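In: using only what follows, build the 3D model:
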Amino acid sequence: MILKYKLVLSDYDDTLTLSDGTVTPRTLAAIKAYRAAGGIFVLNTGRSYASVKKLLPALYGEPAPKVPVICYQGGMTVGENGETLRRVPMNGKDVIRLAYEAERRGIICQTYSGERMFISRMTDEARNYSSITDCSYEVVGDLPGFMESYDGEFDKLLMISTPERVTGLKAEFTERNDYPDFKFVFSRPTYLEAIPTGSGKDSALKFLSARLGIDIENVAAFGDSNNDTDMLRAAGLGVAVGNAREECKSAADFVCEPNTADGVAKMLESFLL
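Out: Okay, here's the model as predicted:
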């Protein structure tokens, strides 16, 4: 079989998954059939690599095959054997400054470094995030102070608050433009993420497709949120699920059925026809 879309990159939460975090049997079967036909199916998610690794056996089947994954909103691409192929770390000085500013305003922040996740204190929101990602925090007391003394690099900063407040923060940070090395994206209505300007799911798509020798026109991408819009624009075929935010739908070439109606599965099945 000759596939037009030889590479598929997909967001995970609320694109592949239902609201409870599960993936339907039809979606799992569609991924398996697409891969059996020679397609390459890759997660392109904001989650950490530590979280993504735990998803692979359920998504691809046991034993989990060796596949590349993209995490941290495109900031890290990991190869089939677990080697880091590409990493775009944050400007250390500015991410610490941003953490200080957000925490002074009472915004819950968490930051990531490789497979580690740090937070000042545990909150209900943090416990919920930990449950969603199946990863544990390292509680450090004073997050910005800890970051100043930390000798590693940071991959992103996540700020959690109400939808209204994080929307206002994004508009303010964008207008002020005093964090020029960062771009701000939503991964969920209550999650505002600061990532490096050289990062993004679109840049990871271009990197991986070039590495695999696949033309962009033969790449399809699926997403549901603001952090997926650039990826959908960059792909040969950008598909927003029906439950996507309007901004994401506007960036897409096509809007499929929502996650609750196996939208991604039906599209993958159509690629095989």
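
In: all strands of this structure, in order?
Out: 7-10, 40-43, 69-71, 76-78, 84-87, 108-113, 116-119, 138-139, 156-160, 182-188, 191-196, 219-223, 237-240, 254-255 (DSSP state E).

In: quick one, what contacts Asn128?
Out: By C-beta atoms under 8 Å, 6 or more residues apart in numbering, no residues touch Asn128. Heads up, the C-betas are built off the backbone N, CA and C, glycines and all.

In: next, format the strands of the chain as TSV and append mean neighbour count.
Out: TSV is the format used below for the strands of the chain (neighbours: other C-beta atoms under 10 Å):
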stretch	mean neighbour count
strand 7-10	26
strand 40-43	20
strand 69-71	26
strand 76-78	23
strand 84-87	14
strand 108-113	23
strand 116-119	20
strand 138-139	12
strand 156-160	24
strand 182-188	21
strand 191-196	25
strand 219-223	28
strand 237-240	25
strand 254-255	14
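
In: how close does Phe184 get to Leu192?
Out: 6 Å (C-beta to C-beta, to the nearest Å).

In: shared neighbours of these two, which are they?
Out: Counting by C-beta under 8 Å, 6+ apart, the residues touching both Phe184 and Leu192 are Leu169, Lys170.

In: list the buried residues in stretch 227-234.
Out: With burial defined by 16 or more other C-beta atoms under 10 Å, the residues of stretch 227-234 counted as buried are Asn227, Asp228, Thr229, Asp230, Met231, Leu232, Ala234.

In: nope, stretch 121-139 is what I was after
Out: Ala126, Tyr129, Ser130, Thr133, Cys135, Tyr137.

In: with distance to Lys249 as extra columns, can I get those residues in TSV?
Out: Shown next, in TSV, are these (distance: C-beta to C-beta, whole Å):
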residue	distance to Lys249
Ala126	31
Tyr129	26
Ser130	30
Thr133	26
Cys135	30
Tyr137	34
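
In: for the record, mean pLDDT for stretch 231-248?
Out: For stretch 231-248, mean pLDDT rounds to 97.

In: and that stretch, C-alpha only, in PDB?
Out: The C-alpha trace of stretch 231-248 is given here as PDB (Å, rounded to 0.1, in the frame of the first residue of the first chain):
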ATOM      1  CA  MET A 231       1.800  22.400  13.800                       C
ATOM      2  CA  LEU A 232      -1.500  22.200  11.800                       C
ATOM      3  CA  ARG A 233      -0.400  25.100   9.600                       C
ATOM      4  CA  ALA A 234       3.000  23.500   9.000                       C
ATOM      5  CA  ALA A 235       1.700  20.000   8.100                       C
ATOM      6  CA  GLY A 236       0.700  18.900   4.600                       C
ATOM      7  CA  LEU A 237      -2.600  18.200   6.100                       C
ATOM      8  CA  GLY A 238      -3.600  19.900   9.400                       C
ATOM      9  CA  VAL A 239      -6.600  18.400  11.100                       C
ATOM     10  CA  ALA A 240      -8.400  19.800  14.100                       C
ATOM     11  CA  VAL A 241     -10.700  17.500  16.100                       C
ATOM     12  CA  GLY A 242     -14.300  18.700  16.400                       C
ATOM     13  CA  ASN A 243     -13.800  19.500  20.100                       C
ATOM     14  CA  ALA A 244     -10.900  21.800  19.300                       C
ATOM     15  CA  ARG A 245     -10.700  25.500  20.200                       C
ATOM     16  CA  GLU A 246     -11.900  27.900  17.500                       C
ATOM     17  CA  GLU A 247      -8.300  29.200  17.000                       C
ATOM     18  CA  CYS A 248      -7.200  25.600  16.300                       C
END
